[in-house]
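> Please work out how this folds:
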Amino acid sequence: QVQLVESGGGLVQAGGSLRLSCAASGRTFSNYDMGWFRQAPGKEREFVAASSWSGGRTYVADSVKGRFTISRDSAKNTVYLQMNSLKPEDTAVYYCAAAFRRVLTTGVDYWGQGTQVTVSS
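As a prediction, the model looks like this:
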């Protein structure tokens, strides 16, 4: 079992920045693809970014490319999502996710509880 605890959401004006954190516990962090999804009201949950368990690669959705950056700190078992140049359309609940030894977009094994990000215009 893996527990994921997000923090760092909040209210920010358009053009501003936020950093989300996700602390993982319960299993070997290095065996998991870690990343973020988001869900806006009335919309399906969508992939945002991921950090690969193998090779140090990162993946970012086209909608946030150039604005969002994902990173992981293995010593702290934590993955971060740095969000810059935020837009009102980035408003959503952001969920941390983990997948055991596979690409995150092929299936999620564990979810966090979610953190709200609201971008005002």
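> Now do the strands in this structure.
Secondary structure of the chain (DSSP state E): strands located at 3-7, 10-13, 18-25, 32-39, 46-51, 58-60, 68-73, 78-83, 92-100, 110-111, 115-120.
> so of these, which one's packed in deepest?
Compared across the strands of the chain, strand 32-39 shows the largest average neighbour count, a mean of 24 (mean count of other Cβ atoms under 10 Å). Using the backbone N, CA and C atoms, a C-beta is placed for each residue, glycine as well.
> Contacts made by it with the rest, please.
For strand 32-39, contacts defined as Cβ atoms under 8 Å, 6 or more residues apart in numbering pick out 2, 20, 22, 24, 45-53, 59, 70, 72, 79, 81, 90, 92-104, 108-109, 114, 117.
> And stretch 6-25, by the same measure?
2-5, 32, 34, 36, 76-88, 94-96, 98, 112-121.
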